[in-house]
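# Need coordinates for the below:
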Amino acid sequence: MFDWDDLRIFLAVARSRRIAPAARSLGMDATTIGRRLARLSTALESDLFEISGGERRLTERGEALFRHAEAAESAALAAMETVTGQQRSLSGQVRLSVAEGFGTWILAPGLAAFHARHPGIRLDLITASGFLNPSKREADMAVMLARPQRGHLSVKRLGDYRLHLYASREYLERVGTPQHPDTLKKHTLVGYVPEFIFSPELNYLSEVEPGLEASLRSTSINVQHRIVAEGAGIGVLPDFIGSRDPRLLPLMADRIEIIRSFWLVTHEDLRSLARIAAVAQWLQQRVVTLGVPTPSR
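Okay, here's the model as predicted:
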């Protein structure tokens, strides 16, 4: 029989794919993590990981154990919440994964009011490139740009948002205002670094006009906004960013409009917890407050 606590360590490594970040999240040293994984592998008489490119990827038997370990983790969490009464308590930690622009422009302005209303909830906003996956317990909740197709998840569409081309008045006075999409190739364009686009929904320029490429690029929408606002070029920005900056003007708004959606994704086992419900309600309020259209489908 193996040590049940080794499953917790196994899950952390399986989710992070590396020992070092798993050790940090667990508050343990890497040597202990490695020793515990080896002990679990020996107890089960199975190789659970294979190392590829510096990452630990699950073997076929590791995948099978991962599914059972997640089920055990969910049962343990549910038991703890029920016994301690935290299902009805507006306290505890909530880890929320969001896109940088959403976190900066929509959530951050409302955090003071949320904390004043729910001081017992410790809210972690994670805005790293790419979304943490609630299905893998990397986060409790995520606001994503596309509806996930698999996983033990509760999914709700928060609403749509719109994006347009924006440029600064200074840039347009210096270079001129494009009147048609096919003239954009003559302008300096601002956009994402293609190989670091973590979601196809962020590939805006190809929708504006086939073949467009940005010459000033960043993985950060906030950096892109600053580049455009300082007069360096034309970029696609969400209206909740671009329309708030008096230095910027929308271009060809009647001809070019991109619509995207926000999806609230929560692990199914956590959906009934009061703190999760409180954060979900706040997210919906923030979207509505800022004039983002509510779901129509």
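
# and the longest helix anywhere in the chain, what other elements does it pack with?
When the chain is parsed with DSSP state H, its longest helix is helix 60-84. Applying 3 or more CB pairs under 8 Å, 6 or more residues apart in numbering; DSSP states H and E, we find helix 60-84 packed against helix 5-16. Backbone N, C-alpha and C define where each C-beta goes, glycine included.

# now the angle from the helix it packs on to helix 60-84?
Angle, helix 5-16 to helix 60-84, by axes from the mean of the first three to the mean of the last three CA atoms, to 10 degrees: 110 degrees.

# average model confidence for helix 5-16?
Averaging pLDDT along helix 5-16 gives 87.

# Domain boundaries for the protein, per the record?
For the chain, the structural domains run 5-84, 88-159+260-289, 161-259, going by automatic domain parsing.

# want to throw those domains into a markdown table with mean neighbour count?
Shown next, in a markdown table, are these (neighbours: other CB atoms under 10 Å):
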| stretch | mean neighbour count |
| --- | --- |
| domain 5-84 | 15 |
| domain 88-159+260-289 | 17 |
| domain 161-259 | 17 |
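
# contact partners of the very next helix or strand once past the longest helix of the chain?
Downstream of helix 60-84, the first helix or strand assigned by DSSP states H and E is strand 92-97. Applying CB atoms under 8 Å, 6 or more residues apart in numbering, the external contacts of strand 92-97 come out as 86, 120-128, 131-132, 134, 138-143, 273, 275-276, 279.

# Out of those residues, list just those in strands.
121-126, 141-143 (DSSP state E).

# Okay, now the unreliable bits of the chain?
Along the chain, segments meeting pLDDT under 70 span 1, 74, 77-78, 81, 84-90, 129-137, 289-297.

# nearest to residue 214, of the ones in strands among the contacts of strand 92-97?
residue 143 (24.9 Å; CB to CB).

# ok, back up a step: list the contacts of the longest helix of the chain.
With contacts defined as CB under 8 Å, 6+ apart, helix 60-84 is touched by 4, 7-8, 10-11, 14, 44, 46-49, 58, 86-87, 137, 152, 269-270, 273.

# Using CSV, write out every CA atom in stretch 52-70.
The C-alpha trace of stretch 52-70 is given here as CSV (Å, rounded to 0.1, in the frame of the first residue of the first chain):
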residue,chain,number,x,y,z
SER,A,52,11.0,14.9,-22.4
GLY,A,53,12.6,18.3,-23.0
GLY,A,54,13.1,18.9,-19.3
GLU,A,55,9.4,18.2,-18.6
ARG,A,56,7.8,15.2,-16.8
ARG,A,57,5.0,13.8,-18.9
LEU,A,58,2.6,11.2,-17.7
THR,A,59,3.0,7.7,-19.1
GLU,A,60,-0.1,5.7,-19.9
ARG,A,61,-0.2,4.3,-16.4
GLY,A,62,0.5,7.7,-15.0
GLU,A,63,-2.6,9.1,-16.9
ALA,A,64,-4.7,6.3,-15.4
LEU,A,65,-3.4,7.2,-11.9
PHE,A,66,-4.0,10.9,-12.5
ARG,A,67,-7.7,10.3,-13.1
HIS,A,68,-8.1,8.3,-9.9
ALA,A,69,-6.0,10.7,-7.9
GLU,A,70,-8.2,13.7,-9.1
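
# which residues touch the residue nearest to residue 12 when sequence neighbours are not counted?
Nearest residue to residue 12, sequence neighbours excluded (CB to CB, 6 or more residues apart in numbering): residue 22, at 3.9 Å. By CB under 8 Å, 6+ apart, residue 22 lies in contact with 9, 12-13, 15-16, 33.

# Adding distance to residue 194 as columns, could you present these in TSV?
Shown next, in TSV, are these (distance: CB to CB, whole Å):
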residue	distance to residue 194
9	37
12	32
13	31
15	27
16	26
33	35
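
# So of the ones in strands among the contacts of strand 92-97, which two are at opposite extremes in space?
Of all pairs in the ones in strands among the contacts of strand 92-97, the most separated under CB to CB is 122 and 143 at 18.2 Å.
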